[in-house]
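> need the 3D shape of this:
(one chain, ligands or ions: 1)
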Amino acid sequence: MSRDSDPATRVAVLGAGPMGLACALDLLDRGYAVDIYEADDRIGGMSAHFDFDGLSIERYYHFICKPDQPMFDELERLGIADTLRWSPTRMGYYYEGRLHEWGNPVALLRFPRISLLSRLRYGLHMFLSAKRRRWEDLDEVNAVAWIRRWIGPEAYAVLWERLFRLKFHHFTDNLSAAWIWSRIRRVGNSRRSLMQEEMGYLEGGSETILEAWRRAIEGQGGRIHLKQPVTGIERDESGGFRLATPQGEAQADRVISTIPLPFVPRIAHCLPEAEKARYADINNIGVVCLIYKLKKPVTENFWLNVSDPDMAIPGIIEYSNLTGQEPHIVYVPYYLPREHEKFQEPDNAFIAEATGYLKRINPELTDEDIIAINVSRYGHAQPICEPGFAKKLPDIRTSVPGLYVADTSHYYPEDRSISESTRLGKRLAAMLAEDDRAC
Ligand SMILES: Cc1cc2nc3c(=O)[nH]c(=O)nc-3n(C[C@H](O)[C@H](O)[C@H](O)COP(=O)(O)OP(=O)(O)OC[C@H]3O[C@@H](n4cnc5c(N)ncnc54)[C@H](O)[C@@H]3O)c2cc1C
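Below is the predicted model:
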């Protein structure tokens, strides 16, 4: 264990998602005293579990890809590497009312409705994107234009356009190619062979790593304050910080915020207005995510893309086809901007609609097969990264010494993941320690 600091230095970490937890543990390892403030009644943020009709499971689906090295390193550090499991998984495409195999070269060649040339161009784009290493020259490039250039308008219209619209809505035409490329690369490199995709999960779900973090943090004297949203950050006379929480005022020598960036301007009263405006300028998309417990599978796929003019979802995730768990677990995500009128619709409206979709995909599915359904909502499920996003991102080191601000946007062009949040959480701790040493 390294001791980079005076043990009395107290750091407040805002947010007990993977980034906050990984950061807190690293700070404790470096000898800091740590308080974590979490708005929710549980740790985990977007990867938190809930009690789903007697089953502890993530509110939102979580799978692990082969390139998720920071996650593997953290599992080792926490002594739980043996909980990682890998499964061969299948992908499908529900298109024009039919289920098609997807996710391997033969399936692509068999896909109907687009010319052979378009299919070959699509395959070449996927292959070269998975092999590509550099992203910087894609940062300023528009994702739709980049994909259309590679695969042509026909394949774009059939294979990408509807998925993009349902995931990003009015942001679709202003997305960074670097950001979309990094998603293609992560999933594209999670394979056993050219023909076989392979995905990972943790035995016990994300809760396994969350609980390991909690045990390690509390075991080293870190304190986790649940249901304690920080509502204000001010500087105090000694050069430290005063935090407003429902429990009252708390003091800290340093503050690391890992909460979604759009919340920062509302609470970081000590930051100049121009700096606050930069956080407010980062767009996010929300999610309304349904989870079903079923007596039988919908399909044999883990991931099913859906492109159907009468279905307002980009896909379904049959989690049990990854983990093998019974009864069968299926997630149906609706990605929606928070200001979209549909985001406000009641749970029952989503349940009626999504249940209808599942029955259309598998006409043998009946109401009798549904054991339980739950709906979760999160307003900041995903930052939206437009061309030139690297320059738009505010620095993690704010203009106020001792105050650090980051969220999932800060690992652009990587997509949000537990792995990348872990990596950045540890980097935040290292930055703070480095600055302290320099003082
Ligand atoms: C639908 C969906 C599917 C996903 N699928 C995957 C996947 O397959 N694989 C994968 O690796 N990742 C996946 N993710 C992403 C993964 O969940 C996130 O990358 C990860 O949880 C981010 O962790 P974080 O700590 O950076 O942020 P968050 O999880 O957002 O945590 C931030 C925390 O800050 C808290 N907070 C907010 N305001 C305050 C305040 N004022 N004071 C104190 N606390 C506050 C929040 O309650 C939250 O707990 C998915 C996410 C979603 C939504």
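> from here on, contacts and neighbour counts on C-alpha atoms
Fine.
> and Y37, how far is that from the ligand?
Relative to the ligand, Y37 is positioned 5 Å away (C-alpha to the nearest ligand atom, to the nearest Å).
> based on its surroundings, how many neighbours for the residue lying closest to I285 once chain neighbours are set aside?
Of all residues not flanking I285 in the chain, P337 sits nearest, at 4.6 Å (C-alpha to C-alpha, 6 or more residues apart in numbering). For P337, the count of nearby residues is 23 (other C-alpha atoms under 10 Å).
> pretty sure P337 contacts F343?
Yes. The pair P337 / F343 is scored as a contact, 7.2 Å apart, by C-alpha atoms under 8 Å.
> let me know the next secondary structure element after whatever helix or strand R186 lives in.
For R186, the enclosing helix or strand under DSSP states H and E is helix 177-188. Once the chain leaves helix 177-188, the next helix or strand it forms, by DSSP H and E, is strand 197-202.
> just the CA trace of the strand ranked longest in the chain, in CSV.
Determined from DSSP state E, the single longest strand within the chain is strand 370-383. Extracted C-alpha coordinates of strand 370-383, given in CSV (Å, rounded to 0.1, in the frame of the first residue of the first chain):
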residue,chain,number,x,y,z
ILE,A,370,-45.0,-13.6,-18.0
ILE,A,371,-44.0,-14.0,-14.4
ALA,A,372,-43.0,-10.4,-13.6
ILE,A,373,-42.2,-7.1,-15.2
ASN,A,374,-40.4,-4.0,-13.8
VAL,A,375,-39.7,-0.6,-15.3
SER,A,376,-36.7,1.5,-14.3
ARG,A,377,-35.9,5.0,-15.6
TYR,A,378,-32.6,7.0,-15.6
GLY,A,379,-32.5,10.5,-17.0
HIS,A,380,-28.7,10.5,-17.7
ALA,A,381,-28.1,7.1,-19.2
GLN,A,382,-25.6,8.2,-21.8
PRO,A,383,-23.8,11.4,-22.7
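> enumerate every residue touching D51.
D51 is in contact with I57, counting by C-alpha atoms under 8 Å, 6 or more residues apart in numbering.
> look at it and give its secondary structure.
strand (DSSP: H, G, I helix; E, B strand; the rest coil).
> and it, how far from I64?
Look at D51 and I64: by C-alpha to C-alpha, to the nearest Å, they are 22 Å apart.
> this protein against the ligand: which residues are in contact?
By the rule C-alpha under 6 Å from any ligand atom, the part of the chain lying against the ligand is 14-20, 37-40, 44-47, 60-64, 229-231, 258-259, 381, 407-408, 416-419, 421.
> restricted to helices, list those residues.
P18, M19, G20, I418, S419, S421 (DSSP state H).
> select from these the one having the most neighbours.
Per-residue neighbour counts (other C-alpha under 10 Å) across these peak at G20, which has 33 neighbours.
> pretty sure that residue contacts T258?
Yes. Contact criterion C-alpha under 8 Å: G20 and T258 qualify, at 5.8 Å.
> between those two, what contacts are shared?
Common neighbours of G20 and T258 (C-alpha under 8 Å, 6+ apart) are V13, L14.
> ranges for the strands of the stretch 1-150 of the chain?
Assigned by DSSP state E, counting those that start in this stretch, the strands in the stretch 1-150 of the chain fall at 10-14, 33-37, 49-52, 55-58, 84-89, 91-95, 98-102.
> dump the ones you listed to TSV, plus mean pLDDT.
Output for the strands of the stretch 1-150 of the chain, formatted as TSV (pLDDT from 0 to 100):
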stretch	mean pLDDT
strand 10-14	98
strand 33-37	98
strand 49-52	98
strand 55-58	97
strand 84-89	98
strand 91-95	96
strand 98-102	95
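> which stretch among the ones you listed comes nearest I396?
strand 10-14 (13.8 Å; C-alpha to C-alpha).
> quick one: that closest one to chain centroid distance?
Mean-position distance between strand 10-14 and its chain equals 23 Å (C-alpha atoms, centre = their mean, to the nearest Å).
> how about the contacts made by the closest residue to the ligand within the stretch 101-250 of the chain?
As assessed by C-alpha to the nearest ligand atom, the ligand sits closest to P229 within the stretch 101-250 of the chain, at 3.4 Å. Neighbouring residues of P229 by C-alpha under 8 Å, 6+ apart: Y37, E38, A39, D40, T245, P246.
> drop anything exposed from those residues.
Burial by neighbour count, judged by 16 or more other C-alpha atoms under 10 Å, picks out Y37, E38, A39, D40, T245 from the contacts of P229.
> which two in these are spaced the farthest apart?
Farthest-apart pair in the buried ones among the contacts of P229 is D40 and T245; separation 12.8 Å (C-alpha to C-alpha).
> mind listing the shared neighbours of the two?
Q228, P229.
> show me what the longest strand of the chain is packed up against.
The contact analysis (3 or more C-alpha pairs under 8 Å, 6 or more residues apart in numbering; DSSP states H and E) places strand 370-383 against strand 284-294, helix 347-361.
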